[in-house]
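Q: sequence first, then the predicted structure, then my questions.
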Amino acid sequence: MEKEMKLKVGDPAPDFAIPNQNGETVALKDLKGKKVLLSFHPLAFTPICEIQMKGLEAKNAVFEELNTTALGISVDSGPAKKAWGKEIGVEKTPLIADFWPHGDVAKKYDIFIEEKGISGRGNILIDEKGKIEWIKVYPLKNLPDIEEVISVIRGEK
């Protein structure tokens with residue numbers, strides 16, 4: 001049974017300010033005027049999450065063309081995200097650490113899995129004005145289709 005999301009398309013996106021893999025704070029309010037793709041993944045150092053983040057990295061230029069900032073977000077710590085990003089070659093895509101308070105951003109976006117202590121796997125697109133434009137949650141074992149995400153950003157879906 002699919003979970004009923006509390007957040008809906010058209011709702012204001014909950015603000016956050018958390019560190020990326022380089023210790024720099026990434027705040028949603030600082031990204032107004034751009035679309036923001038929150039690409040939630042359960043944990044660093046896992047195979048499907050690696051492919052998901054490498055997909056964001058491979059499409060970095062496309063996201064820039066589309067005035068979109070893609071953020072890879074999980075409950076891992078900043079140092080873990082830094083080590084993982086280096087290991088898998090993700091340099092341009094901010095890997096943000098929803099570590100403390102543990103899963104706070106995932107909870108705000110209603111994608112935290114309490115019994116596992118991780119975020120689910122999902123993509124949430126926020127428009128230039130800070131409103132939720134698209135939400136898609138995937139089974140943990142499923143890899144999101146990066147081309148579908150780009151089609152949504154382009155307004156084709």
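A: Received the coordinates, thanks. Please read all numbers here as calculations on a predicted model, not as lab measurements.

Q: all the strands of this protein, residue numbers only.
A: 17-19, 25-27, 35-40, 68-74, 95-97, 112-113, 118-119, 121-126, 132-138 (DSSP state E).

Q: of those, which is nearest residue 82?
A: Closest to residue 82 of these is strand 95-97 (Cβ to Cβ; 7.8 Å). Quick note: C-beta positions are derived from backbone N, CA and C, even for glycine.

Q: what's the offset of stretch 17-29 from the middle of its chain?
A: 12 Å (Cα atoms, centre = their mean, to the nearest Å).

Q: okay, buried residues for that stretch please.
A: For stretch 17-29, burial by neighbour count (16 or more other Cβ atoms under 10 Å) applies to 18-21, 26, 28.

Q: ditto for stretch 108-118
A: 108-113, 118.

Q: CSV for the residues you listed, including distance to residue 124 and pLDDT?
A: As requested, these are arranged in CSV below (distance: Cβ to Cβ, whole Å; pLDDT from 0 to 100):
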residue, distance to residue 124, pLDDT
108, 11, 97
109, 6, 97
110, 10, 96
111, 8, 96
112, 13, 97
113, 15, 97
118, 16, 98
